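J.: okay, sequence plus prediction incoming.
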Amino acid sequence: MTRRLHDRHRAVLPDWLALYYKQPVEITHGEGRHVWDADGNKYLDFFGGILTTMTAHALPEVTKAVAEQAGRIIHTSTLYLNRQMVELAERIAQLSGIPDARVFFTTSGTEANDTALLLATAYRNSNQILAMRNSYHGRSFSAVGITGNHAWSPTSLSPLQTLYVHGGVRARGPYAHLSDSQFIEACVADLEDLLGHTRNVAALIAEPIQGVGGFTSPPDGLYAAFREVLDRHGILWITDEVQTGWGRTGDHFWGWQAHAQSGPPDLLTFAKGIGNGMSIGGVVARAEVMNCLDSNSISTFGGSPVTMAAGLANLTYLLEHDLQGNARRVGGLLIERLRAIGAQLPVVREVRGRGLMAGIELVRPGTDEADPEAAAAVLEAAREGGLLIGKGGGHDTSVLRIAPPLTLTVAEAEEGAAILERALRTV
Ligand code: PLP
């Protein structure tokens, strides 16, 4: 059955719509941290969709809120007052840390970043953007245009002029040998150098921890150091929290808070986990920036009552059950366990991460050379063992990515680590 569906998929969907696994999996349902495929196989889900199932699959609180709202009305549009949208905006504005915050809802992370770029370029009257090397920000023309991971940028044409800044990746970059403080110094010098040759840059956009780029994070404080430079030039700071928001990193509710000496960012974009799989994205900005557009601008499906109901129920659950704390505790144990496993295996170059966002970088043993084939083989072996995980994209397909729902239990963390260990030992 799955075979036939795969053939039909290939016949009608784009070739670049990549599927995991030689025998792609058709997921039919889920519960908690588990999903089942069409052949009845059960898997522990260590990727949470793609960091979209934030709390749990089929969480009754979210399912009930969605069903009840769908039974009343599914969609009205932003042209009418919408109680769910106002309530979720109030909560996100307050959580964002941005003073006098306004929230605009979209339907994806891409559209959120696109909107942030629109706001920043309009506010600063400039189409120049600073982005990080190796970054990923989405699939629209402008989001692709600023994406620093060039394997994900199928076109070199962009409506924006982008300058790429060092700071995203250290391991294989020219700064590999530097200490944290030396690294920050070198990245700031690089930024100053870039700005010495340009006038009137609108904004810097950055993921606090690069997601598609293999869960790499800069030393804490990098963006605070950048902020001082940006402020001197009047440049806005956009933090892309599409993967790092909502407590996933354990220590902080937002990724930017690892750089909190800087104060809050000017704009924050979010998506993925807030709707527990329902398509919610959005931008938060202080009023002055958000309101710089003078024309009416809507996103037809942004803020739809059904998705907002899901977001409210999911956020309430997340906060009431301290899932950020769970991500810190269980994620901490999981990363420790994976490090212990990795220390025995020459194929593992590094286990890194924060909270329930862990990356395992694979290399050809005895070298520093990335090994994407090994990562693909581990992915297959893990699936055979009953575990779904993710991989980095573009240049970082040698990095296994682990980002389970934030309700993960210690027993499930141990079970997943044991399956991963067996899978890693096959390569
Ligand atoms: N920004 C980051 C950091 C992402 O990881 C992604 C998607 O993976 C996006 C933006 C784009 O989000 P979406 O796929 O919802 O458009």
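T.: Yep, that arrived.
J.: pretty sure residue 136 sits in a strand.
T.: No - per DSSP: H, G, I helix; E, B strand; the rest coil, residue 136 lies outside any strand segment and is coil.
J.: how about the nearest residue to it, chain neighbours excluded?
T.: By the measure of C-beta to C-beta, 6 or more residues apart in numbering, the closest residue to residue 136 outside its immediate chain neighbours is residue 212, 3.7 Å from it. Every residue, glycine included, has its C-beta placed from N, CA and C.
J.: what about that neighbour, neighbour count?
T.: By other C-beta atoms under 10 Å, the residues close to residue 212 number 27.
J.: how near is the residue of the stretch 101-250 of the chain found nearest the ligand to residue 115?
T.: Using C-beta to the nearest ligand atom, the single residue of the stretch 101-250 of the chain nearest to the ligand is residue 109, 2.4 Å away. According to C-beta to C-beta, to the nearest Å, residue 109 stands 11 Å off from residue 115.
J.: joint contacts of these two?
T.: Taking C-beta atoms under 8 Å, 6 or more residues apart in numbering as the criterion, residue 109 and residue 115 both touch residue 269.
J.: related to what we said a few turns ago, got the contact list for the residue of the stretch 101-250 of the chain closest to the ligand?
T.: Residue 109 neighbours (C-beta under 8 Å, 6+ apart): 137-138, 240, 242, 269-272, 281.
J.: picking that back up, do you know the pLDDT at the residue nearest to residue 136?
T.: We have a pLDDT of 92 for residue 212.
J.: tell me how far it lies from residue 174.
T.: For residue 212, the distance to residue 174 - C-beta to C-beta - is 22 Å.
J.: how about residue 118?
T.: Residue 118 sits at a distance of 33 Å from residue 174 (criterion: C-beta to C-beta).
J.: check residue 250 too.
T.: 30 Å.
J.: compare neighbour counts for these two and give me the winner.
T.: residue 250 (23 against 10).
J.: which element is the nearest residue to residue 96 once chain neighbours are set aside on?
T.: Distances taken as C-beta to C-beta, 6+ apart place residue 284 nearest to residue 96, at 4.4 Å, with adjacent residues excluded. If you go by DSSP states H and E, residue 284 is part of strand 281-286.
J.: listing partners with orientation, what would you give for that strand?
T.: Strand 281-286 pairs in its sheet with strand 101-106 (antiparallel), strand 267-270 (antiparallel), by DSSP bridges.
J.: single out the most deeply packed of the ones you listed.
T.: Among these, strand 267-270 has the highest mean neighbour count (mean count of other C-beta atoms under 10 Å), at a mean of 29.
J.: now the residue of the stretch 101-250 of the chain closest to the ligand: how far from residue 207?
T.: From residue 109 to residue 207 the distance is 10 Å (C-beta to C-beta).
J.: any shared contact partners between the two?
T.: Joint contacts of residue 109 and residue 207 (C-beta under 8 Å, 6+ apart) are 137, 240, 242.
J.: these, buried ones only, as a PyMOL selection?
T.: To isolate the buried ones among the shared contacts of residue 109 and residue 207 in PyMOL, judged by 16 or more other C-beta atoms under 10 Å, type:
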select buried, resi 137+240+242
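J.: which bits of the chain sit near the ligand?
T.: In this structure, the chain approaches the ligand at residues 108-110, 113, 136-139, 207, 211-212, 240, 242-243, 271, 281, judged by C-beta under 6 Å from any ligand atom.
J.: so which of the residues you listed belong to strands?
T.: Mapping the residues of the chain next to the ligand onto strands (DSSP state E) picks out 240, 281.
J.: so which of the residues of the chain next to the ligand comes closest to residue 89?
T.: residue 281 (13.1 Å; C-beta to C-beta).
J.: quick one, what contacts the closest one?
T.: Contacts of residue 281 by C-beta under 8 Å, 6+ apart are 105-112, 242, 269-271, 302.
J.: tell me the contacts of residue 129?
T.: So residue 129 contacts 117, 120-121, 146, 160-163, 201-205 (C-beta under 8 Å, 6+ apart).
J.: filter the residues you listed down to the buried ones.
T.: 117, 120-121, 146, 160, 162-163, 201-205.
J.: and which of the residues of the chain next to the ligand is nearest to residue 374?
T.: Residue 374 has its nearest neighbour among these in residue 212, at 19.0 Å by C-beta to C-beta.
J.: you'd agree that closest one is up against residue 397?
T.: No - using C-beta atoms under 8 Å as the test, residue 212 is too far from residue 397 to be in contact (10.1 Å).
J.: pLDDT value on the closest residue to the ligand within the stretch 251-400 of the chain, please?
T.: The stretch 251-400 of the chain approaches the ligand most closely through residue 271 (4.5 Å), counting by C-beta to the nearest ligand atom. As predicted, residue 271 sits at a pLDDT of 98.
J.: likewise residue 184?
T.: Confidence score, pLDDT, at residue 184: 94.
J.: how many residues are close by it?
T.: 22.
J.: what's the answer for residue 219, then?
T.: 18.
J.: so it touches residue 184, yeah?
T.: Yes - applying C-beta under 8 Å as the test, residue 219 and residue 184 come out as touching, 6.0 Å apart.
J.: would you point out the most distant pair within the contacts of residue 281?
T.: Of all pairs in the contacts of residue 281, the most separated under C-beta to C-beta is 242 and 302 at 15.2 Å.
J.: let me know whether residue 70 touches residue 307 as I believe.
T.: No - assessed by C-beta under 8 Å, residue 70 is found out of contact with residue 307, at 10.5 Å.
J.: looking at those two, which has the bigger crowd around it?
T.: More crowded of residue 70 and residue 307, by other C-beta under 10 Å: residue 307, with 27 against 13.
J.: name the SS class of that one, please.
T.: Residue 307 is classified as helix under three-state DSSP.
J.: that one: what's it in contact with?
T.: Residue 307 sits in contact with 107, 275, 278-280, 301, where contact means C-beta under 8 Å, 6+ apart.
J.: would you enumerate the residues in contact with the nearest residue to it once chain neighbours are set aside?
T.: For residue 307, ignoring the flanking residues on the chain, the nearest one in space by C-beta to C-beta, 6+ apart is residue 278 at 4.4 Å. Contacts for residue 278 (C-beta under 8 Å, 6+ apart) come out as 62, 66, 306-307, 310-311.
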